[in-house]
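Q: Give me a 3D structure for the following:
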Amino acid sequence: MLQSLLALNNMNGGNKLITTTHSPYLINYLTLVVKAEELREKVKTEDQKNDLKQIVPLNTMIGANSLSIYELDEMEGNIKSLETYEGLPSDDNRLNMMLDEGNELFAKFLEIQQQL
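A: This next block holds a predicted model:
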């Protein structure tokens, strides 16, 4: 779905796509399309371009300057811009922390399962 929305957004320079999510996976995918655009500007051969589009469709790629991600803290009532690292969305955000916590809890289940 996100690929389709990005492709539609890229059809016209005046388009603006605004989404909301609770999913760290969507933010991760946005990181991929930004990195792909950065690399597309540097590739020299058609083979390299084909390698890129095997990972991310060309019509979904976006430049780092075209992306803004905001994080809402409903407990504090704050909205802040998510920091970037070399033009890519930072992994240091609340959704990733929640994902890490869920992964740690699941790992504890696996430890219990191994004891059974």
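
Q: could you show me where the strands are in the protein, in order?
A: 70-73, 78-81, 84-85, 88-89 (DSSP state E).

Q: Now do the helix or strand bottoming out on mean pLDDT in the chain: everything it contacts.
A: Taking mean pLDDT, DSSP states H and E as the measure, strand 88-89 is the helix or strand of the chain with the lowest mean score, a mean of 77. If you take Cβ atoms under 8 Å, 6 or more residues apart in numbering as the criterion, strand 88-89 is touched by Ile27, Leu30, Thr31, Val34, Lys35, Ala64, Leu67, Ile69, Leu82. (Glycine included, C-beta is placed from N, CA and C.)

Q: Do I have it right that the last one meets Tyr70?
A: To tie it back to what came earlier, the one meant is Leu82. Yes: under the criterion of Cβ atoms under 8 Å, Leu82 makes contact with Tyr70 at 6.6 Å.

Q: ok, these two, which is more surrounded?
A: Legend: neighbour count by other Cβ atoms under 10 Å for Leu82 and Tyr70, higher for Leu82 (17 against 9).
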